[in-house]
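Asks: task: produce atomic coordinates for the following.
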Amino acid sequence: MNFKAFSSSFITKFSFLKRAFGNKPFRLLDIGAGNHSATKAKSVFPNCEYHGVDMEKDYNNSEEDFKLMAAFYEMDLTKLNFSSIPEDYFDAIQIAHVIEHLYNGDEVIKGLLPKLKSGGYIYLEYPGEKSTRLPSMQGSLNFKDDPTHVRVYSVKALTALLETNGCKVIKGGLRRNAWFIMAMPFRIIKTWVSGKKLQGNIFWDLLGFAEFVWAKKN
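Replies: Model prediction:
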């Protein structure tokens, strides 16, 4: 595994998948598949069957990214039309930093759960209520720093939603990734040396910007 794959394996959403599947093959539905997400996922899980969903096909993706995908579904999630995605097919669904951009994210989650097999896992990550009280910073440290953020969700509300729709929540709370907290001074120094502005996401894990929910379908 190269350094990029090594560092990617510490991303919180991947760490949960790693514990669930290890190096075994599994089918992954990734909601929000821009920014070379397929390449990042396949670097950690080379045996996974990767399916991506996004509103725009070319949102920071290359031909190499698409070659790694079993399928890509271009759609507006808010319309709640998921018929092109196979039912009862996936071992895992991950929805990281998507629902805060959706006024009906709860309905989107509900609509996607039939795509998950019995015994499959779902991972949700989003800016929590605490993010509304953090200082403003470039790259989003306060919820309102990103004008496309439209709704604040909570662990309590999402837990109730998932449990009402046939899932058992295994873990949820503030995202506190120890690897990223330890790496924070080095990321700050690297940013300064490169002459760039500090980005708010460097401080997410230390200050508790994001929440997560990890659940299993009954």
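
Asks: what's the nearest residue to residue 98 if we skip its chain neighbours?
Replies: Taking C-beta to C-beta, 6 or more residues apart in numbering, and ignoring the residues beside it in sequence, residue 98 has residue 32 as its nearest neighbour in space, at 4.2 Å. Any C-beta I mention is one placed from the backbone N, CA and C, and that applies to glycine too.

Asks: quick one: the one you found and residue 99 touch, right?
Replies: No - counting by C-beta atoms under 8 Å, residue 32 stays clear of residue 99, with 9.4 Å between them.

Asks: looking at the two, which is more packed in?
Replies: Just comparing residue 32 and residue 99: by other C-beta atoms under 10 Å the higher neighbour count belongs to residue 99, 25 against 20.

Asks: list the contacts for that one?
Replies: Contact criterion C-beta atoms under 8 Å, 6 or more residues apart in numbering gives 105-106, 108-109, 124, 126, 151, 153 as the residues in contact with residue 99.

Asks: need the residue closest to the centroid of the protein.
Replies: The residue lying closest to the centre of the chain (C-alpha atoms, centre = their mean) is residue 96, at 1.9 Å.

Asks: can you pull the pLDDT of that residue?
Replies: Here the pLDDT value assigned to residue 96 is 96.

Asks: so how far is residue 88 from it?
Replies: The span separating residue 96 from residue 88 equals 23 Å under the rule C-beta to C-beta, to the nearest Å.

Asks: how about residue 105?
Replies: Distance from residue 105 to residue 88, by C-beta to C-beta: 22 Å.

Asks: tell me which of the two has more neighbours.
Replies: More crowded of residue 105 and residue 88, by other C-beta under 10 Å: residue 105, with 22 against 11.

Asks: is it true that that one touches residue 154?
Replies: No - Residue 105 is not in contact with residue 154 according to C-beta under 8 Å; the separation is 11.6 Å.

Asks: hmm, back to that, where does the residue nearest to the centre of the chain fall, phi/psi-wise?
Replies: In terms of degrees, to the nearest 10, the main-chain angles of residue 96 are phi -110, psi 120.

Asks: for it, what are its contacts?
Replies: Taking C-beta under 8 Å, 6+ apart as the criterion, residue 96 is in contact with 13, 32, 123-126.

Asks: redo that, cut-off 10 Å
Replies: 11-14, 30-32, 37, 123-126, 175, 210, 212 (C-beta atoms under 10 Å, 6 or more residues apart in numbering).

Asks: ok, now residue 131?
Replies: Counting by C-beta under 10 Å, 6+ apart, residue 131 touches 100, 140-146, 149, 152, 200, 204, 207-211.

Asks: what does residue 170 give?
Replies: The neighbours of residue 170, taking C-beta under 10 Å, 6+ apart as the test, are 16, 20, 121, 213-216.

Asks: so which of those belong to strands?
Replies: With strands identified by DSSP state E, the entries of the contacts of residue 170 that belong to them are 121, 213-216.

Asks: nearest to residue 65, of those residues?
Replies: For residue 65, the nearest member of the ones in strands among the contacts of residue 170 is residue 121. The distance, counting by C-beta to C-beta, is 23.3 Å.

Asks: many thanks, have a good one.
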